[in-house]
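Colleague: Got a sequence here, can you build the structure:
(2 chains)
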Amino acid sequence: MNKKVVIILFLTLLALIGLAIYSFGANNRLSPKPNPVSLNPVNTEKVTVRNQNITFTSYSNKDIAQNYYTVKLPQDWKVQAGKDAGSYEMTFNGGSGTIQLTDVADNTTLELMILSQEEPNLKKSVSDYKRIDYQKLTINGNEAYQLTYQGKTGQTDSQTIQTYITGPDKAGIITLTVPQSSFSTYQSMFSSIIQNFQWDSK
Amino acid sequence: MFFYDVPDVQANINFFTSWFLVIVGVASLLVNLFWKSKRKE
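Modeller: All right, here's what the predicted structure looks like:
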């Protein structure tokens, strides 16, 4: 092999390494950046839940184009940006939750993805996983699928309600977890949060 | 621009594969151009 060929092969190798980093690296070309506006409360309103007046704060997530949405969360919950763009992590007295976006591949449907991928993954990752309920519902005109399950979070027996909501591009997932003993107390509030999830047209 | 919506992870794989083939193809042409085979005539 002559010198020119060796140089070409070396440059090709460098180009391929650079391409791999550009395509799959942490700040890859398709990785959207969170928009700081998503953490700004939009407005507040008082809602009666189980004969209690609770103040809800609206958040409008504008991280990922075509996937803007608005959620209403209790004002006393601690809300911060999630790990991925388009997501929130919430903590509150006695529980935690997340709201995130997920891709649904074109060779499947959201419901099939839940039953064939998501739930099997939960069975592997959640200790003492036990399905309590699964139902189809409609949230602001969008088809949704709700899975309620019990498991162990650390030493605590917990119950989680996970709602998958179809959207124009990605699907939204609202996950709310509390200790099993207090699930019935939170159920109405969770239902209110879930039913108030709204895709924004812009 | 796209015929159908491709999930982000698959879009990254498609991007990598396309440009991998382009880079390797160009490199192959250049190697073929500059390869000197020693022939005794």
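
Colleague: So what does the nearest residue to residue A:143 once chain neighbours are set aside have for phi and psi?
Modeller: Distance criterion CB to CB, 6 or more residues apart in numbering or on different chains; nearest residue to residue A:143, sequence neighbours excluded, is residue A:166 at 4.8 Å. All C-beta spots, glycine's among them, are computed from the backbone N, C-alpha and C. Main-chain torsions, residue A:166, degrees, to the nearest 10: phi -70, psi 150.

Colleague: Please apply the same query to residue A:95.
Modeller: Per degrees, to the nearest 10, the backbone of residue A:95 is at phi -170, psi -180.

Colleague: how close does it sit to residue A:171?
Modeller: Separation of residue A:95 from residue A:171 (CB to CB, to the nearest Å): 23 Å.

Colleague: Repeat that for residue A:23.
Modeller: Residue A:23 is 24 Å from residue A:171, by CB to CB.

Colleague: And residue A:124, by the same measure?
Modeller: 21 Å.

Colleague: ok, residue A:158 - how many residues close by?
Modeller: 22 (other CB atoms under 10 Å in any protein chain shown).

Colleague: Can you tell me the SS state at it?
Modeller: Counting by DSSP: H, G, I helix; E, B strand; the rest coil, the backbone at residue A:158 sits in strand.

Colleague: dump the residue contacts of it.
Modeller: A:150, A:151, A:152, A:177, A:178, A:179, A:180 (CB atoms under 8 Å, 6 or more residues apart in numbering or on different chains).

Colleague: Select only the buried ones of those residues in ChimeraX?
Modeller: The ChimeraX command for the buried members of the contacts of residue A:158 (criterion: 16 or more other CB atoms under 10 Å in any protein chain shown) is given here:
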select /A:150,151,177,178
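
Colleague: Now for the contacts of residue A:158: which two are most distant?
Modeller: Among these, the pair separated by the greatest distance (CB to CB) is A:152 and A:178, at 13.5 Å.

Colleague: which helix is the longest one in chain A?
Modeller: helix A:3-24 (DSSP state H).

Colleague: Find the nearest non-adjacent residue to the residue nearest the centre of chain A, please.
Modeller: With distances taken as CA atoms, centre = their mean, residue A:100 lies nearest the centre of chain A, 1.7 Å away. Spatial nearest neighbour of residue A:100, chain neighbours left out: residue A:87 (3.8 Å); criterion: CB to CB, 6+ apart.

Colleague: Please produce a markdown table containing the contacts of residue A:158, extended by secondary structure.
Modeller: Shown next, in a markdown table, are the contacts of residue A:158 (three-state DSSP):
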| residue | secondary structure |
| --- | --- |
| A:150 | strand |
| A:151 | strand |
| A:152 | strand |
| A:177 | strand |
| A:178 | strand |
| A:179 | strand |
| A:180 | helix |
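
Colleague: quick one: the residue nearest to the centre of chain A from residue A:169, how far?
Modeller: Taken as CB to CB, the span from residue A:100 to residue A:169 is 14 Å.
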